[in-house]
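Enquirer: Got a predicted structure here, sequence first:
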Amino acid sequence: ISFPNLLDSVSLRDRAHLKILPSPHTGAWLRATPNRNLGLTMSPHEFVVASRYWLIGSTCVSFPPNNIRCIILCGQPLDPYGDHLVGCGHGPHRLNRHNALCEIIWQSLLIDSKQVVKEQRSSGESKCRPGDVFHPNFLNGRPGYYDITVRNTLQPSYIARVSEVPGVVAEAAEMDKDDRHHIRVSLPGGIFYSLVVETLGLWSPGSLET
């Protein structure tokens, strides 16, 4: 069966998942050198679950009953693929991925300057916090604010669009972050970097340029 015929024969959700897989960098995590100092290691169980979700779109060996709900805080019904748990805004999974990326970027920038810090507010009256990682003298004396965002590729509100155009989730998040923080950071002389990655490994265009 050809790939186009396969796409026509599956559900909208599976079509979205399949169209993401050939995208650039989505499988980069499989080629990463395991390094404990950079947090780039997995237990055998974690690797199996991550591989199942990335390759076949499900974290479950068997489908849970329809009446099972999220035990964290939201109480929403669980889907048979694990999509809700991957992106639940009330649970630790999304926050842990975000914090792990912040740690990697912070450690990398420390090589250039020991003054790099986390969770930096912007200057000016707004006092917003666009900088998950802040470099006080990143480019020609200008400070750099790095904002890290992790978005669920298969969130229900985007399934239809992702099934046609992979990467729309990351692009939408990047535009949202730029709209909220870019001017506030740039007016006092700073540089805003929005780093957005989807749960299936696709980065936003601006992130790759950074």
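Expert: That came through, no problem.
Enquirer: Roughly how far does the residue most central in space within the chain sit from residue 179?
Expert: In the chain, the residue lying closest to the centroid (Cα atoms, centre = their mean) is residue 150, at 2.5 Å. Look at residue 150 and residue 179: by Cβ to Cβ, to the nearest Å, they are 19 Å apart. The way it works is simple: take the backbone N, C-alpha and C, and place the C-beta from them, glycine included.
Enquirer: do residue 130 as well
Expert: Remark: distance between residue 130 and residue 179 (Cβ to Cβ) = 11 Å.
Enquirer: beta partners for residue 118?
Expert: On the basis of DSSP bridges, residue 118 is bridged to residue 133.
Enquirer: How many residues are close by it?
Expert: Using other Cβ atoms under 10 Å, residue 118 is surrounded by 14 other residues.
Enquirer: With residue 19 instead?
Expert: Using other Cβ under 10 Å, residue 19 has 17 other residues around it.
Enquirer: ok, it touching residue 161?
Expert: No - look at residue 19 against residue 161 with Cβ atoms under 8 Å: they stay out of range, at 10.9 Å.
Enquirer: residue contacts, residue 148?
Expert: Residue 148 is in contact with 98, 101, 102, 105, 132, 133, 195, 196, counting by Cβ atoms under 8 Å, 6 or more residues apart in numbering.
Enquirer: now for those residues, which pair is the farthest apart?
Expert: 133 and 196 (14.3 Å; Cβ to Cβ).
Enquirer: thinking again about what came up before, of the contacts of residue 148, just the buried ones, ChimeraX syntax please.
Expert: Buried residues within these, by 16 or more other Cβ atoms under 10 Å, are selected in ChimeraX with:
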select :101,102,105,132,133,195,196
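Enquirer: How much space separates the residue nearest to the centre of the chain from residue 195?
Expert: Separation of residue 150 from residue 195 (Cβ to Cβ): 10 Å.
Enquirer: Common neighbours of these two, please.
Expert: Counting by Cβ under 8 Å, 6+ apart, the shared contacts of residue 150 and residue 195 are residue 101.
Enquirer: How about the secondary structure of residue 197?
Expert: Recorded secondary structure, residue 197: strand (DSSP: H, G, I helix; E, B strand; the rest coil).
Enquirer: How many residues are close by it?
Expert: Around residue 197 there are 23 other residues, counting by other Cβ under 10 Å.
Enquirer: For the protein, just list every one of the helices.
Expert: Along the chain, the segments classed as helices by DSSP state H run 3-9, 12-20, 28-31, 44-56, 83-87, 92-110, 159-162, 168-186, 205-209.
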